[in-house]
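Participant: one predicted model, sequence on top.
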Amino acid sequence: MRTNYRHRGAQRLAASAVVAALAVAACGGNDDDSTDNTPPATQAPATPGDTSAPSPTDATPPPATDKPDTGGPVVVTVAPNTSPPEAEAVRGGTVRFAIEADVDGLNPTSSQLTAAPGLVMAAAVFDKLAELTPTGAPVPVLAESFTPNADNTSWEVALKQGISFHDGTPFNAEAVRVNFEAQYENTLVGLAVKPFYPETGAIEVVDEFTVRFNLLEPNAQWPAYMASQLGMVASPTWLAAAIADPTLNQRPVGTGPFAFDSRSEDSVTRFVRNDDYWNGEVYLDAIEFLPVPDSATRAELLINGAVDALHTSEPGAIRDLRAADGITRMENDSGDETFIMLNTHVPPFDDIRARQALTYATPRTEYLTLIGLGVVRQADQMFTPESPYYNPDITQEGDDPDRAVALAAEYCAERGGETNPVTNQPTCTNGKINIELQWSGPDVVQTRIADMLQSAFSPAFNVTRDELLQDTHILQVVTSGYNVSTWRQLGALNPMTDNVWLMCRTAPDEGLALNFPRLCDPDRDAALLAAQATTDETERAAHYREVVRLMHDSYAYVFLTHTMWVTAFDESVQGICDRTAPDGTSLACAIGGTTWHHTLWLDR
């Protein structure tokens, strides 16, 4: 870490911060002196989890001077790089990127790489078969083309030739087959794969550079899956070695612009330039990722020059970054939703009355004011108003404690003597429903959120609290070991890829689940399958509006805000949004908290 901190005269950050894990809501504040809860001007559309309350502040950002199309309806770069436009990219230097948390490993066939930290590190070392444009359309990358059969139940993928993995293993159809089958058979990653493919014949090697994927249902949007973790391709030689020696899961081998150099978990992961990169020149000597769970600390490190880049979704840190000099920011609020999630698999929330009671008890207005701080927009559903899939007829309930009390009393009168398996208590005591509120920490802002929710829920609920480290928290959610959790998820740029979180087939009665509320709704499944099957965008939008209605009517999710993600860079970092596919198509260069590094260079 550099010791010559560069002071830019920006105000220091306050102590409030957030640990935002795989999906945990991230919010906070600082210590300015005025209030503005109107969404800031930068939220105009482009095209398509310290107990004290935070002090209100002015969330209005400086005017945008440059607006690259970074993906999603809310995108802006403020305080752009000051290098002259004719400046040419140069080689050299290391970018130090502060991320919100570390991950359990960097193996796309077995590790949790669906959260921003995992995705942003994986982007250095792995290429994917496809990537997404700013509007969510999949474009071939390692693939040369995607060709469906007549009913979109089978997709033939022609692969690019002449590419090698960092260890010299050739990239070909056999490599893709090995990766897919490793994902299919993995206990965790397989949850996102097996439900959508037949038990046998899911992948076929047609020839050395052609594979065929066979699906269970028609899916006209299937290539978008190949722009996710499921499309990352690792060296089959390395995958075989990692089975024999699991420690190798921390030393990834891909085809990407950077090759693995070293990793100290919860400290620094370092990748160095791949001089033989197949998809253009790589300018940086190296890129290093530093887990810094506290968002205020993360922002302070960037403002003072100790790191070169970061991502954050904590409103207090975002406001400080907006106020700082010499910082380039990319912002979007279309990559994640912040919500409260209820476990419908066990009492008390297997009863819709209990779910409705908690929904009505939720302090949405207070949350937006004290946690959102004018940085984020309130959400009623998993789509922003600019999305073609937004349902204008849906309004998220909340702020109605009297109705919550009545529903809780009705529930307790009938089911109060049952046992809540999460708390091992009766479902009710003294006419109130007993629940556990769980979140990821330790974290000042998440504790503040827990305090706020516990207070608001208290007229109808007896709340116990459970703050867990990120990995433990995620495990509890996946195994149905929770009642209520703050969460961050959904809102995918291509909504078809959210099917893994929503369908009956990913909500088994026993074992691990990716449908975390474990709510099975056959009507919702039907709408999701119909949306993925059609190429008619009007019809597709109608199906997603029905999905939104059914999600609302289930009362398994209480939407709070559209998560505002900011990726910020020191002004010396150039090329932050120069990302294109091999054929020249412009690609989204910021999706949620994920960005890419191939085109970065340093002007210093």
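Facilitator: Arrived safely, thanks for sending. Numbering: from 1, shown residues only.
Participant: in a strand, that's where residue 144 is, yeah?
Facilitator: Yes: assignment of residue 144 by DSSP: H, G, I helix; E, B strand; the rest coil places it within a strand.
Participant: in this structure it contacts residue 158, no?
Facilitator: Yes: in this structure, residue 144 is within contact of residue 158 by CB atoms under 8 Å, at 4.2 Å. (Glycine included, C-beta is placed from N, CA and C.)
Participant: what residues are shared contacts of the two?
Facilitator: Residues touching both residue 144 and residue 158 (CB atoms under 8 Å, 6 or more residues apart in numbering): residue 209.
Participant: surely residue 573 touches residue 600?
Facilitator: Yes: using CB under 8 Å, residue 573 is in contact with residue 600, at 6.0 Å.
Participant: mind giving me the domain ranges of the protein?
Facilitator: The chain breaks down into these domains under automatic domain parsing: 41-102+262-332+569-602, 116-243, 337-562.
Participant: distance to residue 251, mean pLDDT and mean neighbour count added to those, as a markdown table?
Facilitator: Below are the domains of the chain laid out as a markdown table (distance: least, CB to CB, whole Å; pLDDT from 0 to 100; neighbours: other CB atoms under 10 Å):
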| stretch | distance to residue 251 | mean pLDDT | mean neighbour count |
| --- | --- | --- | --- |
| domain 41-102+262-332+569-602 | 7 | 78 | 20 |
| domain 116-243 | 8 | 97 | 19 |
| domain 337-562 | 20 | 95 | 20 |
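Participant: among those domains, which is nearest residue 256?
Facilitator: domain 116-243 (4.6 Å; CB to CB).
Participant: quick check: end-to-end length of the closest one?
Facilitator: One end of domain 116-243 sits 25 Å from the other (CA to CA, to the nearest Å).
Participant: now swap in stretch 93-107 and tell me
Facilitator: End-to-end span of stretch 93-107 (CA to CA): 27 Å.
Participant: related to what we said a few turns ago, which one of the domains of the chain lies closest to residue 110?
Facilitator: Closest to residue 110 of the domains of the chain, according to CB to CB: domain 116-243, at 4.9 Å.
Participant: I'd assumed residue 315 was in contact with residue 295.
Facilitator: No: judged on CB under 8 Å, residue 295 makes no contact with residue 315 at a distance of 9.2 Å.
Participant: could you say which helix or strand holds residue 319?
Facilitator: helix 315-323 (DSSP states H and E).
Participant: packing partners of that helix?
Facilitator: With contacts taken as 3 or more CB pairs under 8 Å, 6 or more residues apart in numbering; DSSP states H and E, helix 315-323 sits against helix 295-303, strand 327-332, strand 565-570.
Participant: can I get the ones you listed in JSON lines including distance to residue 397?
Facilitator: Shown next, in JSON lines, are the helices and strands packed on helix 315-323 (distance: least, CB to CB, whole Å):
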{"stretch": "helix 295-303", "distance to residue 397": "30"}
{"stretch": "strand 327-332", "distance to residue 397": "27"}
{"stretch": "strand 565-570", "distance to residue 397": "26"}
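Participant: and these: which comes nearest residue 423?
Facilitator: Across those (criterion: CB to CB), the nearest stretch is helix 295-303, sitting at 30.3 Å.
Participant: whatever helix or strand comes next after the closest one pairs with which strands, and in what direction?
Facilitator: Helices and strands here follow DSSP H and E; after helix 295-303, the next one along the chain is strand 309-312. Sheet pairing of strand 309-312 (DSSP bridges) gives strand 94-99 (parallel), strand 565-570 (antiparallel).
Participant: export those strands to JSON lines and append columns for distance to residue 382.
Facilitator: As requested, those are exported to JSON lines (distance: least, CB to CB, whole Å):
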{"stretch": "strand 94-99", "distance to residue 382": "24"}
{"stretch": "strand 565-570", "distance to residue 382": "15"}
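Participant: give me the common contacts of residue 573 and residue 600.
Facilitator: Listed as contacting both residue 573 and residue 600 by CB under 8 Å, 6+ apart are residue 95.
Participant: does anything pack onto the longest helix that the chain contains? Which helices or strands?
Facilitator: Counting by DSSP state H, the longest helix found in the chain is helix 537-554. Other helices and strands packing on helix 537-554, by 3+ CB pairs under 8 Å, 6+ apart, are helix 522-533.
Participant: got the contact list for the helix it packs on?
Facilitator: Here helix 522-533 has contacts from 152, 217-222, 495-496, 499, 502-505, 539-540, 543-544, 546-547, 550-551, 554, using CB under 8 Å, 6+ apart.
Participant: count of neighbours near residue 247?
Facilitator: Neighbour count for residue 247, taken as other CB atoms under 10 Å: 8.
Participant: SS state for it?
Facilitator: helix.
Participant: which residues are in contact with it?
Facilitator: Counting by CB under 8 Å, 6+ apart, residue 247 makes contact with nothing.
Participant: got a list of what residue 381 touches?
Facilitator: Neighbours of residue 381 in contact, by CB under 8 Å, 6+ apart: 337, 390-391, 394, 396, 548, 551-552, 559.
Participant: can I get those residues in a markdown table with distance to residue 327?
Facilitator: Compiled in a markdown table, the contacts of residue 381 are given as follows (distance: CB to CB, whole Å):
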| residue | distance to residue 327 |
| --- | --- |
| 337 | 26 |
| 390 | 31 |
| 391 | 36 |
| 394 | 36 |
| 396 | 33 |
| 548 | 36 |
| 551 | 37 |
| 552 | 38 |
| 559 | 30 |
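Participant: tell me the one of the residues you listed nearest residue 475?
Facilitator: Among these, and counting by CB to CB, the member closest to residue 475 is residue 337, at 22.0 Å.
Participant: helices of this structure, residue ranges please.
Facilitator: 116-125, 173-185, 236-244, 295-303, 315-323, 352-361, 364-367, 401-415, 444-457, 470-478, 522-533, 537-554.
Participant: a markdown table for the domains of the chain, including distance to residue 254?
Facilitator: Listed next are the domains of the chain as a markdown table, based on distance: least, CB to CB, whole Å:
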| stretch | distance to residue 254 |
| --- | --- |
| domain 41-102+262-332+569-602 | 9 |
| domain 116-243 | 4 |
| domain 337-562 | 21 |
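Participant: what's across from the nearest residue to residue 581 once chain neighbours are set aside in the sheet?
Facilitator: Counting by CB to CB, 6 or more residues apart in numbering, residue 139 is the residue found nearest to residue 581 once chain neighbours are left out, at 4.5 Å. Residue 139 forms beta bridges with residue 131, as assigned by DSSP bridges.
Participant: list the residues that contact residue 139.
Facilitator: Contact analysis of residue 139 by CB under 8 Å, 6+ apart lists 130-133, 581, 583, 585, 587.
Participant: repeat that for residue 597.
Facilitator: Each residue near residue 597 by CB under 8 Å, 6+ apart is listed here: 95, 123-124, 257-258, 284, 287.
Participant: from those residues, which is closest to residue 458?
Facilitator: Proximity of the contacts of residue 597 to residue 458 (CB to CB) peaks at residue 123, which lies at 43.4 Å.
Participant: that closest one against residue 254, yeah?
Facilitator: No: here residue 123 does not reach residue 254: they are 9.9 Å apart, not a contact under CB under 8 Å.
Participant: now the strands for the stretch 151-300 of the chain?
Facilitator: With strands called from DSSP state E, counting those that start in this stretch, the stretch 151-300 of the chain shows them at 154-159, 203-207, 210-214, 258-264, 268-273, 286-291.
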